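Visitor: Kindly return the folded structure for what I paste below:
(2 chains)
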Amino acid sequence: MDLEHLNIPPAPEIRHQELIRQPILHAGRSAALGFWLVATPAFFLACVLMKYYFRWNLGIVDAFESLLARLDQHPVLFWLQPILFLLAPLAAVVVNLLALVHVQYDRQRRELNINLKLKWWNLLLAAAGLAIIAIFTLYLLTDAILEGQPH
Amino acid sequence: MTLADEQRILERARNDPAQFGPLYDAYYPLIFGYVYRRTGDYHRARDISADTFLKAVLKLPGFEWRGVSVAAWLLRIATNELRMFYRRRTYESAVFGQLPEPYIRERQLQQIFEQEQAELERQRVQYQDFARVQAVLQQLPVKYQEVIALRYFEQKSVLEIAGILQKSDGTVKSLLSRGVAKMAALLVGR
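Guide: Predicted coordinates:
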């Protein structure tokens, strides 16, 4: 068979390319967003852990703590802490769970089918987000209890 | 599209991947055609082509212009994806895996997939010699499949193939020669 003169089929007409264009072109932003929603509070918590449990005092923790204390006094920037340690990780949990969980209602059988995809990176980010929310909530509760106690 | 146009688009896309759009529009059919002619499988071609562009978009920040068409870079990514598929014998698309299920199951998208697959199957019947060569190609080691497909299916020169596969001209010629000989032996045996 003469490969040089082989009749090659022409390039096919592809219509689906337009329908997957947006998800592909914005993939970088989605991946980065999911990571940074969790990475920033996680980094701060890791530094706190190193300072108070392992006694490795990194200057960045003191600087960040004094910044948060000053922001606490500001009427508008007071909201930065809950956004960083609660809302951002919560958004990361929601976004990653949406990628993992598929819910479908079968009318004929009257069944609600819930499928969970095992995508480890999404699971890890969702778990990290939940852990950050849990740690920060515990901190707030502890702080509130200690403030309520008589000195 | 000239090389200068491609370079301009890539410079803008480094900071804003959405600017990669014109290159996606221009080269998606080329990559899909290449992967389909290599594998003969519509779904595989769709998945690998989509992931080729996903990887290209994610690699944009570190991309360095070397005066060669973006098509060569995209063909290299697609070839690497095909290598992974042939090594594992399975392929999970990152693009279609990340899309929400309701979006993938949407009737319009499914109809388009079915129509495209049906058109390609009809085409296969019209190009029976090509289908026979494609089937035999699948039996060769991947290193021969790559050079033969790029040379005879995509009409690339030895120099272009060397650039895409990042091999020397001599290696490409040697692989072509040995690959074609093996393919001829298989075709005669059929």
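
Visitor: Surely B:Ile161 touches B:Leu150?
Guide: Yes. Between B:Ile161 and B:Leu150 there is a contact under C-beta atoms under 8 Å: 4.7 Å. C-beta coordinates here come from the backbone N, C-alpha and C atoms, glycine included.

Visitor: Quick check: the residue nearest the centre of chain A vs A:Ala131, distance?
Guide: Taking C-alpha atoms, centre = their mean, the centroid of chain A lies closest to A:Ala92, which sits 2.6 Å from it. According to C-beta to C-beta, to the nearest Å, A:Ala92 and A:Ala131 sit 11 Å apart.

Visitor: can you check B:Tyr91 too?
Guide: To A:Ala131, B:Tyr91 is 33 Å away according to C-beta to C-beta.

Visitor: Please enumerate the strands of chain B.
Guide: For chain B, applying DSSP state E gives no strands.

Visitor: show me where it has helices.
Guide: Ranges of helices in chain B, per DSSP state H, are B:3-15, B:21-39, B:42-59, B:70-88, B:94-98, B:101-105, B:107-126, B:128-137, B:142-148, B:158-165, B:169-189.

Visitor: between the ones you listed, which gets nearest to A:Arg15?
Guide: A:Arg15 lies closest to helix B:107-126 among those, at 5.1 Å (C-beta to C-beta).

Visitor: ok, that closest one near chain A or not?
Guide: Yes. Helix B:107-126 is in contact with chain A by C-beta under 8 Å from any C-beta of the partner chain, via B:108-109, B:112-113, B:115-116, B:119-120, B:123-124, B:126.

Visitor: Which members of those residues are classed as buried?
Guide: B:109, B:112-113, B:116, B:120 (16 or more other C-beta atoms under 10 Å in any protein chain shown).

Visitor: Among the residues you listed, name the least confidently predicted one.
Guide: Ranked by pLDDT, these bottom out at B:Leu109 (80).

Visitor: pull the helix or strand with minimum mean pLDDT from chain B.
Guide: Taking mean pLDDT, DSSP states H and E as the measure, chain B has helix B:101-105 as its least confident helix or strand, at a mean of 58.

Visitor: Low-confidence bits of chain B, can you list those?
Guide: Along chain B, the parts satisfying pLDDT under 70 run over B:97-106, B:190.

Visitor: quick one: buried residues of the helix ranked longest in chain A?
Guide: Longest helix of chain A, by residue count under DSSP H: helix A:120-148. Buried positions in helix A:120-148, judged by neighbour count with 16+ other C-beta under 10 Å: A:122-123, A:125-126, A:128-133, A:135-136.

Visitor: Okay, helices next: where are they in chain A?
Guide: A:16-19, A:21-25, A:27-52, A:59-73, A:80-82, A:88-100, A:120-148.

Visitor: Lowest mean pLDDT across those, which one is that?
Guide: Among these, helix A:27-52 scores lowest, with a mean of 67.

Visitor: ok, and the closest non-adjacent residue to B:Thr171?
Guide: Closest residue in space to B:Thr171, ignoring its immediate chain neighbours: B:Ala162 at 7.5 Å, by C-beta to C-beta, 6 or more residues apart in numbering or on different chains.

Visitor: now swap in B:Lys143 and tell me
Guide: B:Leu175 (5.9 Å).

Visitor: Equivalent analysis for B:Glu154, please.
Guide: Nearest residue to B:Glu154 in three dimensions, chain neighbours excluded: B:Tyr34, at 5.8 Å (C-beta to C-beta, 6+ apart).

Visitor: From B:Gln115, how far out is the one you found?
Guide: 21 Å.

Visitor: A:Arg55 now?
Guide: Counting by C-beta to C-beta - A:Arg55 and B:Gln115 are separated by 66 Å.

Visitor: what do you get for A:Gly148?
Guide: From A:Gly148 to B:Gln115 the distance is 67 Å (C-beta to C-beta).

Visitor: Check B:Val95 too.
Guide: On the measure of C-beta to C-beta, B:Val95 and B:Gln115 end up 20 Å apart.

Visitor: what's the answer for B:Lys167, then?
Guide: To B:Gln115, B:Lys167 is 38 Å away according to C-beta to C-beta.

Visitor: just B:Ser157 next, same as before
Guide: For B:Ser157, the distance to B:Gln115 - C-beta to C-beta - is 35 Å.

Visitor: and for stretch B:169-186, what are the contacting residues?
Guide: Stretch B:169-186 has contacts (C-beta atoms under 8 Å, 6 or more residues apart in numbering or on different chains) with A:1, A:3, B:133, B:136-137, B:139-140, B:143-148, B:151, B:158-159, B:161-162, B:165, B:167.

Visitor: which among these end up buried?
Guide: Buried subset of the contacts of stretch B:169-186 (neighbour count, 16+ other C-beta under 10 Å): B:133, B:136-137, B:140, B:144-148, B:151, B:158, B:161-162, B:165, B:167.
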